[in-house]
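A.B. asks: kindly generate the corresponding structure for this input.
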Amino acid sequence: MLRRTLPIALCMLGIGTLVSVAQAIDLKELKKNVEEGKAILLDVREEVEWKRAHLVDSESVPFSTISTDSMARRAAARFPSDPDVKLYALSTDGRVSTLASDMFKRVNVEVIALKDSYRSLVNAGFKEVRGNDPNWQPPIPVLPP
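C.D. replies: Presented below is the predicted three-dimensional model:
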């Protein structure tokens, strides 16, 4: 009996932990705080997605660039350590922002993970920039021989 319930209990605990890290934030209030300089949006989507479209007021911090503690420290050093300025991580659907928040937490930097999707932020009134990089070339798919 214990062999059946233990894995299920551990899975439930893990899912509960992930869900509790991402927070539901009032997007209108967040937009106001970003405009007033009280909050910084960290877009943790990869560079290809960023160049395709991103929020005007967000900073690109691809998840692949914070995958180790030293890389996360280096990325965090780009932003003010002012306790009045909050850092928020956003991603396509909220899952990667939760992982990014955990990576920053490991190096003692508080980053709040947004569970709202990128599209939800756009729908809430955040301005979006689409494909404005003239030097960007989409990746060429490599097909197996």
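A.B. asks: from now on I want contacts and neighbour counts done on CA atoms only, so please keep to that.
C.D. replies: OK.
A.B. asks: what sits up against stretch 96-106?
C.D. replies: 18, 21-22, 44-45, 63, 66-69, 72-73, 76, 89-91, 110-115 (C-alpha atoms under 8 Å, 6 or more residues apart in numbering).
A.B. asks: any stretches of the chain with poor pLDDT?
C.D. replies: Scanning the chain for pLDDT under 70 picks out 1-24, 132-145.
A.B. asks: so where do the helices sit in it?
C.D. replies: Using DSSP state H, the helices of the chain run over residues 2-21, 27-35, 47-52, 69-76, 95-106, 118-123.
A.B. asks: got the contact list for Leu90?
C.D. replies: So Leu90 contacts 41-45, 96-97, 113-118 (C-alpha under 8 Å, 6+ apart).
A.B. asks: let's see 6 Å
C.D. replies: 43, 97, 114 (C-alpha atoms under 6 Å, 6 or more residues apart in numbering).
A.B. asks: output those as CSV; include the columns distance to Glu59.
C.D. replies: What follows is these, written out as CSV (distance: C-alpha to C-alpha, whole Å):
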residue, distance to Glu59
Asp43, 6
Ser97, 13
Leu114, 15
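A.B. asks: which one of those is nearest to Lys28?
C.D. replies: Checking those against Lys28 with C-alpha to C-alpha, the nearest one is Leu114 at 13.3 Å.
A.B. asks: number of residues surrounding the closest one?
C.D. replies: Neighbourhood size, Leu114 [other C-alpha atoms under 10 Å]: 26.
A.B. asks: measure the nearest residue to Leu27 once chain neighbours are set aside to Pro83 for me?
C.D. replies: Nearest residue to Leu27 in three dimensions, chain neighbours excluded: Ala124, at 6.3 Å (C-alpha to C-alpha, 6 or more residues apart in numbering). Per C-alpha to C-alpha, to the nearest Å, Ala124 is found 26 Å from Pro83.
A.B. asks: beta-bridge partners for Ala53, please?
C.D. replies: When bridges are called by DSSP bridges, Ala53 pairs up with Arg130.
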